[in-house]
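Participant: model the following, please.
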Amino acid sequence: MLNRNVETFLGCETEYSDARIVLFGAPFDSTTSYRPGTRFASRTMRAESYGLETYSPYLDLDMEDARVFDGGDLELCFGDTEKALGDIESFTREILADSKLPLLIGGEHLVTLGALRAMVENYPELCILHLDAHTDLREEYLGARLSHASVMKRAWELVGDDRIWQFGIRSGTREEFYWAEKHTHLHKFGFQGLEAALAALRDRPVYFTIDLDVLDPSVFPGTGTPEAGGVTFDALRQVVDRVSRLQIVGADLVELSPHYDASGASTAVALKVLRELLLGLERPYLQKSENV
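Facilitator: You can find the predicted model right below:
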């Protein structure tokens, strides 16, 4: 049994025993390849979440009705990447053991690997739906196999061929793009092909990972590796709405570096994406309760 965090994300006030979703932060950015700072994302998002309404006019649902527990931030070792991943894995495993859905706030994208290691134990047929500007399929980066630039390659080692769908990808090495042609379902630049992916993933357990740099830097400059040519907020929101209707068994939101956008707009965008994701995941249960 976990105790509720003192400062919570807006609307995440449910006690652990009653929650269906467990939100927690993984403030780790030790393998960031360009500009560090994602370790501050979850803390900043909590503090600034109170500028956001709990009600979503897009979904006509309210966070005040959702069953979300905020487990706070993990204390992760910055000097030992494998230990940090192990702590994320252990915490995710604890959440799954209690039949709850883990939702991780990064941190750099490598934190996803810790969660996935626990997820595949519960869901051997796990599929991954990945939104990102970058392929993240390098074998190694600067000699390190554990890097946010190689997280999807490590994920592939867990789930195998034809189990990873990638969208919004517009940056990577030639080798990564060629490798993906044989091993993942990679869709360049936007969300073309999403309908086919949703059909293929129907009734299959899915882990949904959102790297916020899938957004264009004009919308979301507060990230360590901004990449021109990204999608709009509304395009991302609509995809989150569609994907959340799948059998999502775990999810994450990563790569906000709040101090690269002093206006706070990037944090506000991240929070709105988080709200829509949480409410999308809770939608079937909220709609049932409204009909009782």
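Participant: please count neighbours and contacts with C-alpha atoms only from this point.
Facilitator: Fine.
Participant: this protein: strands as residue ranges?
Facilitator: In the chain, the strands defined using DSSP state E lie at 21-26, 55-56, 61-62, 68-73, 101-106, 127-131, 164-169, 185-188, 206-211, 248-254.
Participant: E227 is nearest to which of those?
Facilitator: Closest approach to E227 among those (Cα to Cα): strand 164-169, 9.9 Å.
Participant: what is the burial count for the closest residue to L246 other than its chain neighbours?
Facilitator: Nearest residue to L246 in three dimensions, chain neighbours excluded: R202, at 6.2 Å (Cα to Cα, 6 or more residues apart in numbering). R202 sits with 13 neighbouring residues when counted by other Cα atoms under 10 Å.
Participant: look up how far V243 lies from R202.
Facilitator: Distance, R202 to V243, by Cα to Cα, to the nearest Å: 10 Å.
Participant: and for V22?
Facilitator: Between V22 and V243 the distance is 19 Å, computed by Cα to Cα.
Participant: with S30 instead?
Facilitator: Noted for S30: a distance of 30 Å to V243, by Cα to Cα.
Participant: what about F208, how many residues nearby?
Facilitator: By other Cα under 10 Å, neighbour count at F208 equals 24.
Participant: cool, S218 as well?
Facilitator: 15.
Participant: now do stretch 231-245: everything it contacts.
Facilitator: Here stretch 231-245 makes contact (Cα atoms under 8 Å, 6 or more residues apart in numbering) with 168, 190-191, 198, 208, 214-216, 219, 269, 273, 276-277, 280-281.
Participant: picking up where we left off before, let me have the strands of the chain in TSV, adding mean pLDDT and distance to L85 as columns.
Facilitator: Putting the strands of the chain into TSV (pLDDT from 0 to 100; distance: least, Cα to Cα, whole Å) gives the following:
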stretch	mean pLDDT	distance to L85
strand 21-26	97	9
strand 55-56	97	33
strand 61-62	96	33
strand 68-73	95	14
strand 101-106	96	12
strand 127-131	98	18
strand 164-169	98	20
strand 185-188	98	26
strand 206-211	98	16
strand 248-254	98	14
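Participant: figure out which of those is closest to D87.
Facilitator: strand 21-26 (9.4 Å).
Participant: that closest one vs strand 248-254, what angle?
Facilitator: With axes from the mean of the first three to the mean of the last three Cα atoms, to 10 degrees as the basis, strand 21-26 and strand 248-254 are set at 30 degrees to each other.
Participant: just want the angle from strand 21-26 to strand 68-73.
Facilitator: Using the same axes, to 10 degrees: strand 21-26 against strand 68-73 is 20 degrees.
Participant: how far does strand 21-26 sit from the chain's center?
Facilitator: 10 Å (Cα atoms, centre = their mean, to the nearest Å).
Participant: tell me, what residue is most central in this protein?
Facilitator: D252 (2.1 Å; Cα atoms, centre = their mean).
Participant: thinking that residue is in contact with L212, fair?
Facilitator: No: between D252 and L212 there is no contact under Cα atoms under 8 Å: 10.3 Å.
Participant: and G143, how many neighbours?
Facilitator: So G143, with other Cα under 10 Å, has 8 neighbours.
Participant: let me know the pLDDT of it.
Facilitator: Per-residue pLDDT puts G143 at 74.
Participant: likewise A66?
Facilitator: Note on A66: pLDDT of 96.
Participant: against D216, how distant is the residue lying closest to it once chain neighbours are set aside?
Facilitator: Spatial nearest neighbour of A66, excluding adjacent residues (Cα to Cα, 6+ apart): E282 at 6.4 Å. Using Cα to Cα, E282 is found at 28 Å from D216.
Participant: circling back: for the residue nearest to the centre of the chain, name its beta-bridge partners.
Facilitator: Here D252 sits in beta bridges with L104, T209, as judged by DSSP bridges.
Participant: list the contacts of it.
Facilitator: 103-106, 112, 208-210.
Participant: then G37?
Facilitator: 29, 224, 256-259.
Participant: from G79, how far out is it?
Facilitator: Using Cα to Cα, one obtains 15 Å as the distance from G37 to G79.
Participant: equivalent analysis for F9, please.
Facilitator: Taking Cα to Cα, one finds F9 at 28 Å from G79.
Participant: higher neighbour count, these two?
Facilitator: Using other Cα under 10 Å as the criterion, F9 and G79 rank with F9 on top: 25 against 9.
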